[in-house]
Structure formats: C-alpha cells, structure tokens
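Asker: Need coordinates for the following:
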Amino acid sequence: MATDDLPNDNEIEKETLYKTKAIHFLGRQTPIILQNDNGPCPLLAICNVLLLKNNLNLHPEVSEVSVQKLLSLVAEKLIDCNCCNEDKDAGYVENQQQNISDAIDLLPSLATGIDVNVQFQRIDGFEFTRECAIFDLLGIPLYHGWIVDPQEEGEPFLRDSSGQVLGSLMQGLAVVPNFLVEYSAIVSGLTLTAEMGWKVAWLKSDPVAIVLSFK
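Answerer: Numbers count the residues shown, from 1 in each chain. So this is what the prediction gives:
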C-alpha cells in the first residue's frame, strides 16, 4: 500500500488536528505532539518516540499537525527503516515487503488504540500480533509493567500466555454490555483484587471482551 493511499482526515475523524509543543531534549529543540483527549493513542506515542530520537521530520515551529500527516510520516519511516536489503535473499525481501505493506494498512487503527496480550514473565513479553510488528519494524521497544511476583502462588499460571487467565475470569462474569466492574477472582490460587491494583473492565466496543489493567 502506497503512503498516498492512506485514509484522509475525514475518513479517520473529521478534521483531526493535534497541537504540538517545542521542547529542549538532549541539547536540541524538538516538537512533541499533544493529545486532544485522554486515552490510548499508539500513533502519537510512536511519533513522539521518533521525534525524540530525531527520526521524524517535523519542523519545531509547526503549531499543529493532522492525523493524515502523521500517518504519512510514519509510513515513510516504515519504508526507510527497512529499505537496506542488498545482502538478503529473495524470500526475506518478499516477506519484509509484505510486512511493511501490512503495517501501513494498519496504521490508521493506531490513532485510537490497539489490543495487546501481555506475557507476564518479562516486561517486554507480548503475544505477537500484526499491530506489535509495527513497533518492531520501526525499532521501537515495547514494554509493560505487569510482572508477577515469583513468590505468588498463582505465578506459574499467569506465566502461561495462552489466554487461560481471561478464560477463567470470563467463567465468573455475567455478560453485561458496556459495564465497568471490579472483580475479585481466585485464579489457580492467585487472588486478583482491587487492593492488588487489578481491574476487570468491559470493553465498550465488545460486551463479551474484558481487559485487565492497573487502577
């Protein structure tokens, strides 16, 4: 998919513009992009990482930028980061080109958030998804803060990233659309409670899906 084929602003959200702020970082001036509303926005996170690394071309004096412009800049960076394939075999090059094409197709979804499945045994443990592959292609490490104490009785269970945790929790939850709940559950000896900082929330977009997050 060519960068020119990316959805325009109206297709994503009419006239979506983000304000910028110039800061001094490691001896130079660089813009960072500000959120309009609270909430997940991986696109802005990616852009700000690239800006701080001096890997994204956005003039410090630009006061606002459209989501379409950001999508185009990130798409161009995806291509630039993965263009040196002279010493690679044809199979690798073809696979990499497909990965880049898939990543560019997925970029618009990063303006609103992505779903990830964490693996609890390490801070950079994530189940592989096409969305997570975008970070790999851009050379941006992805981390989470959900490390279970090895002394916890249920730690071996949570170390399993096969989705059994969510499945076990689902068995104890009634299907209530668009409803936020806190739930104490005992999962293979590990108590997940509000006191431990866990929260079980219904996703507004899917009444039968849940997400674990810190309070």
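
Asker: where in this protein is pLDDT low?
Answerer: Scanning the chain for pLDDT under 70 picks out the ranges 1-15, 39, 85-86, 147-215.

Asker: try 90
Answerer: For the chain, residues meeting the criterion pLDDT under 90 lie at 1-16, 25-28, 35-41, 57-62, 79-99, 109-133, 139-215.

Asker: all helices for the protein, in order.
Answerer: Along the chain, the segments classed as helices by DSSP state H run 9-12, 42-52, 67-81, 90-106, 130-137, 155-158, 164-171.

Asker: Can you give me the distance of residue 89 to residue 115?
Answerer: Separation of residue 89 from residue 115 (Cβ to Cβ, to the nearest Å): 33 Å. Where you see a C-beta, it was placed from the backbone N, CA and C, and this is true even at glycine.

Asker: Those two: who's more crowded?
Answerer: residue 115 (14 against 9; other Cβ atoms under 10 Å).

Asker: For that one, give me its contacts.
Answerer: 129, 131 (Cβ atoms under 8 Å, 6 or more residues apart in numbering).

Asker: May I have the phi/psi pair for the residue lying closest to residue 50 once chain neighbours are set aside?
Answerer: Nearest residue to residue 50 in three dimensions, chain neighbours excluded: residue 56, at 3.8 Å (Cβ to Cβ, 6 or more residues apart in numbering). Main-chain dihedrals, residue 56, degrees, to the nearest 10: phi -130, psi 130.

Asker: Tell me the buried residues in stretch 90-102?
Answerer: By neighbour count on 16 or more other Cβ atoms under 10 Å, the buried set for stretch 90-102 is 99, 100.

Asker: isn't residue 127 right next to residue 119, touching?
Answerer: Yes - counting by Cβ atoms under 8 Å, residue 127 does reach residue 119; the two are 6.6 Å apart.

Asker: Tell me which of those two has more neighbours.
Answerer: residue 119 (17 against 13).

Asker: how near is the residue nearest to that one when sequence neighbours are not counted to residue 117?
Answerer: Among residues not flanking residue 119 along the chain, residue 125 sits closest, at 3.1 Å (Cβ to Cβ, 6+ apart). Note on residue 125: its distance to residue 117, by Cβ to Cβ, is 10 Å.

Asker: same check, this time on residue 21
Answerer: 33 Å.

Asker: Settle it for me: which of the two has more neighbours?
Answerer: residue 117 (15 against 11).

Asker: Look up the closest residue to the more buried one, ignoring the ones flanking it.
Answerer: Using Cβ to Cβ, 6+ apart, the closest residue to residue 117 is residue 127 (3.9 Å).

Asker: Return the residues in contact with the one you found.
Answerer: Contacts of residue 127 by Cβ under 8 Å, 6+ apart are 116, 117, 118, 119, 161.

Asker: Looking at those residues, spot the one nearest residue 131.
Answerer: residue 116 (7.2 Å; Cβ to Cβ).

Asker: what's across from the spatially closest residue to the closest one that is not a sequence neighbour in the sheet?
Answerer: Counting by Cβ to Cβ, 6+ apart, residue 116 lies nearest to residue 126, which is 5.5 Å off, once chain neighbours are set aside. Residue 126 has these beta-bridge partners by DSSP bridges: residue 118.

Asker: Am I right that residue 126 is in contact with residue 119?
Answerer: Yes - assessed by Cβ under 8 Å, residue 126 is found in contact with residue 119 at 6.3 Å.
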